[in-house]
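1. have a look at this prediction, sequence included:
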There are 2 protein chains.
Amino acid sequence: MSEVKNANISERKAITLNKLKGLGQTIIDDVHKQEVPSIKVPSRGTSNIVYDEDKRHFILGDRYGKRSIGNVKQIRKIGQMMFVSNFCKNLVNIEKTATLREMYYVSEGWGMPFANQQESNILSEDLEVTIGSSREDLGLMPEEDGASVYGDIIFKEGDIEINGLKSGKSGYTISPTINEVDFVEHNVKRVIAVETMGMFHRMVQEHAYKKFDTLIVGLKGQAARATRRFLKRVSQELNLPVYICNDGDPWGFHIAMVIISGSAKLAHVNHDLATPDAKFLGVTASDIVNYELPTDNLKEIDVLRLKELARDPRYKSEHWQNEIKKMLKIGKKAEQQAFSKYGLEYVVDTYFPEKLDAMND
Amino acid sequence: MSEVKNANISERKAITLNKLKGLGQTIIDDVHKQEVPSIKVPSRGTSNIVYDEDKRHFILGDRYGKRSIGNVKQIRKIGQMMFVSNFCKNLVNIEKTATLREMYYVSEGWGMPFANQQESNILSEDLEVTIGSSREDLGLMPEEDGASVYGDIIFKEGDIEINGLKSGKSGYTISPTINEVDFVEHNVKRVIAVETMGMFHRMVQEHAYKKFDTLIVGLKGQAARATRRFLKRVSQELNLPVYICNDGDPWGFHIAMVIISGSAKLAHVNHDLATPDAKFLGVTASDIVNYELPTDNLKEIDVLRLKELARDPRYKSEHWQNEIKKMLKIGKKAEQQAFSKYGLEYVVDTYFPEKLDAMND
């Protein structure tokens, strides 16, 4: 299995280098044909972001903009894209990575440096959509690490094997270079991702990884790109069911939904990040009622957000529509740690088993 | 070495249990003496927070308040303290931990539940100062994990050995239970802690751990309690010099200073958390000038903060006073990743060696 994945990495690398080379070649070709060099950049405007019912996530439509050296306003952007492409080509070749922040500073030496971080961020996204590679494939890493993972699995990073039961109580940290990690072997039947590290540590202490033969993933709030990529990979490559347990409020719902169906903003990379088969386990509005959880009243901003979600195509299933309606009706929200009302062990001893059973009926 | 540390853990546990028992005993003794039960709670008010020149961190003074069951307003607080003490006694006995959030929900079953999270947080701090144990010793863990560590060191958590070179590219995560971790062996000469994970990954990629025989610690901004405890332990127990490299602005300065001299708010636990021998390596105002770094202008809030720091006893050394003055004079700040102006490798190949040399002259 390990070898297969390594082949996959070098293949991804070759594809990325080819795409970067191809981009430069279109400019050279235009010059040779004595035409004004131009580049087609797919549009990331909201009108070009479409929810794909089959893929079950947002994708980009076919609209694009043309950037031409014949347009004085666009010369700088094309020039910067060439510099960034060249920078990324070098990164991929020497197998290093850089943060967007580092690239921003590196650009000081380019003759046409970025005016600010925003400009360099947008340019990087332009490059992603233009050649159809993710920033991680281009060697441009997010600053933030991914989630923590605990459970009976062995990872391989280069020559190093890492045991998910022997990485310490806080588990193995998913790094931004998760694509280069192999899954060597595992002995689990599912993955349970939880919003807070408080719940992660509770599950480790109560031996949830044994009780449910599960990997425990501590999301630390909104899931980082690396976490989403990891969950997609365990779902696809290891064929494991993924369950997500967050706070019972619109924000917890949406942390789950972005894992499941991707975000609109990242429509161009959702195919790498979304896990449409992942399931939201809770905390649902029904859980709040059924388990008589300690609650807080919904604030105005919660209500507005719930109404927004109700109109979002990702929430169109009957189940989600009912849960959103129910939460609006009871006017309450609850945190995932609220189960402690019944004792620290309750969430692992009672809530998870009951919910997992119900979801697999 | 390992055995010594384990003895240390069970000793800490015994001490904590004794203190908790002692607290209950004072109430029982008062009852037996037919006196109105009361508890002395050291004051955490600003007037009782004193900078200790010898210890080089803030400590609490000798002022305290008395809470008496004879005072109707204080009955509830004393009752809650008894419940929390009992809750912690159980945690320590069964060797589990809970978050403050969990305890807040557990309190629903106590007959005198906390009105809100703030009330339970304050009560926990009251208990910390009253018996002189840290919340970690009481089993009350912060939600947040500590820093990432990469380098040639072996940790032991229970029966599990963890190699700091073999925990993945994002390193070993310091867990809130860092006090229970043993340092088995190591082959390093120093520790370099950096503010961002971007810089952490840069140092790993450029093999800074080999070049400088160093542990690399990724602080992720303001250092968590677990990180500060870890740095104190490597400084004290392993006798390693600790260097801190943050952004060159008042916020970066202060992230370093809280590691070095502790915070005023946590005066009652600074003896466990502060590392007075740790050194701020940079980015200094002098670095900004000497290395001609890309900068941003100081904002008004930066200027105000710098002037605040200049009056803070922790910054009274000539070195700090000069650096603060210089930054105010040039009116500029710089991020630690700004060295990328000279290429990604520059910070490891040039900046760190020059600074480490200069500091050891």
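-> Nice, I can see it. Residues are numbered from 1 along each chain as shown, chains lettered A, B, ... in the order given.

2. which elements pack onto whichever helix in chain A runs longest?
-> Longest helix in chain A by number of residues (criterion: DSSP state H): helix A:2-32. Contacts defined by 3 or more C-beta pairs under 8 Å, 6 or more residues apart in numbering or on different chains; DSSP states H and E place helix A:2-32 against strand A:38-42, helix A:72-94, helix A:117-131, strand A:181-186. Any C-beta I mention is one placed from the backbone N, CA and C, and that applies to glycine too.

3. okay, the angle between the first one and helix A:72-94?
-> Here strand A:38-42 points in a direction 80 degrees away from that of helix A:72-94 (axes from the mean of the first three to the mean of the last three C-alpha atoms, to 10 degrees).

4. can you check the third one too?
-> Compare the direction of helix A:117-131 with that of helix A:72-94 by the same axes, to 10 degrees and you get 70 degrees.

5. which elements pack onto the very next helix or strand once past helix A:117-131?
-> Scanning forward in sequence from helix A:117-131 by DSSP states H and E, the next helix or strand is strand A:140-141. Here strand A:140-141 touches strand A:98-99, going by 3+ C-beta pairs under 8 Å, 6+ apart.

6. not counting residues beside it along the chain, what's closest to A:L231?
-> A:T275 (5.0 Å; C-beta to C-beta, 6 or more residues apart in numbering or on different chains).

7. whoops, I mixed them up, A:T177
-> Using C-beta to C-beta, 6+ apart, the nearest residue to A:T177 is B:K169, at 5.9 Å.

8. ok, now A:I15?
-> Spatial nearest neighbour of A:I15, chain neighbours left out: A:S133 (7.4 Å); criterion: C-beta to C-beta, 6+ apart.

9. thought A:L91 was touching A:G139?
-> Yes. Using C-beta atoms under 8 Å, A:L91 is in contact with A:G139, at 3.2 Å.

10. please enumerate the shared neighbours of these two.
-> With contacts defined as C-beta atoms under 8 Å, 6 or more residues apart in numbering or on different chains, the residues shared by A:L91 and A:G139 are A:97-98.

11. compare those two (neighbour count), which wins?
-> With neighbours defined as other C-beta atoms under 10 Å in any protein chain shown, A:L91 and A:G139 compare such that A:G139 has more, 22 against 19.

12. neighbours of the closest residue to A:I174 other than its chain neighbours, how many?
-> Take A:I174 and drop its neighbours on the chain: the residue closest to it by C-beta to C-beta, 6+ apart is A:G146, 3.1 Å away. Other residues lying near A:G146 total 27 when counted by other C-beta under 10 Å.

13. quick one, what contacts the nearest residue to A:G198 once chain neighbours are set aside?
-> Excluding its sequence neighbours, the residue lying closest to A:G198 (C-beta to C-beta, 6+ apart) is B:T99, at 4.1 Å. B:T99 makes contact with A:198, A:201, A:337, B:140-143, according to C-beta under 8 Å, 6+ apart.

14. let me know the pLDDT of B:T99.
-> Looking at B:T99, its pLDDT reads 94.

15. please apply the same query to the one 5 residues further on.
-> The model reports B:Y104 with a pLDDT of 94.

16. for the stretch 201-350 of chain A, which residue gets nearest to chain B?
-> A:S340 (3.9 Å; C-beta to the nearest C-beta).

17. could you report the neighbour count for that residue?
-> Each residue near A:S340 was counted by other C-beta under 10 Å, and the total is 26.

18. show me the contacts for it.
-> A:346-347, B:98, B:101-103, B:105-106.

19. tell me the SS of it?
-> helix (DSSP: H, G, I helix; E, B strand; the rest coil).

20. A:A193 now?
-> Following three-state DSSP, the label given to A:A193 is strand.

21. so what's it closest to, chain neighbours aside?
-> With C-beta to C-beta, 6+ apart as the criterion, A:A193 has its nearest non-adjacent residue at 3.9 Å, and that residue is A:V217.

22. how many neighbours does the one you found have?
-> Neighbours of A:V217 under the rule other C-beta under 10 Å: 29.

23. distance check, it against A:T173.
-> 11 Å (C-beta to C-beta, to the nearest Å).

24. also A:G132?
-> Distance from A:G132 to A:T173, by C-beta to C-beta: 29 Å.

25. neighbour count: the two, which is higher?
-> A:T173 (26 against 15).

26. OK, contacts around the more buried one?
-> By C-beta under 8 Å, 6+ apart, the residues touching A:T173 are A:145-149, B:148, B:167-168, B:170-171, B:173.

27. contacting residues around A:S263?
-> A:58, A:270 are the contacts of A:S263 under C-beta under 8 Å, 6+ apart.

28. so how far is chain B from A:I192?
-> 18 Å (C-beta to the nearest C-beta, to the nearest Å).

29. er, A:A115 actually
-> On the measure of C-beta to the nearest C-beta, A:A115 and chain B end up 12 Å apart.

30. count of neighbours near that residue?
-> 11.

31. show me which positions of stretch A:202-219 end up buried.
-> A:202-206, A:208-209, A:212, A:214-219 (16 or more other C-beta atoms under 10 Å in any protein chain shown).

32. now those residues in TSV, with secondary structure?
-> Output for these, formatted as TSV (three-state DSSP):
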residue	secondary structure
A:R202	helix
A:M203	helix
A:V204	helix
A:Q205	helix
A:E206	coil
A:A208	helix
A:Y209	helix
A:F212	coil
A:T214	strand
A:L215	strand
A:I216	strand
A:V217	strand
A:G218	strand
A:L219	coil
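
33. stretch A:311-323: end-to-end distance?
-> 13 Å (C-alpha to C-alpha, to the nearest Å).

34. hmm, I typed the wrong one, I wanted stretch A:37-55.
-> 35 Å.

35. what lies in contact with that stretch?
-> With contacts defined as C-beta under 8 Å, 6+ apart, stretch A:37-55 is touched by A:23, A:26-27, A:30-31, A:57-70, A:78, A:81, A:125-126, A:129-130, A:264, A:267-268, A:270-271, A:274, A:276, A:313-314.

36. swap the cut-off to 6 Å and go again
-> Here stretch A:37-55 makes contact (C-beta atoms under 6 Å, 6 or more residues apart in numbering or on different chains) with A:27, A:30, A:58-61, A:63-69, A:126, A:129-130, A:264, A:267, A:313.

37. same deal with stretch A:21-35?
-> With contacts defined as C-beta under 6 Å, 6+ apart, stretch A:21-35 is touched by A:37, A:85, A:131.

38. quick one, what contacts the last one?
-> So that's A:I131. Contacts of A:I131 (C-beta under 6 Å, 6+ apart): A:19, A:23.

39. sorry, back to before: the longest helix of chain A to helix A:117-131, inter-axis angle?
-> Going by the same axes, to 10 degrees, helix A:2-32 makes 100 degrees with helix A:117-131.
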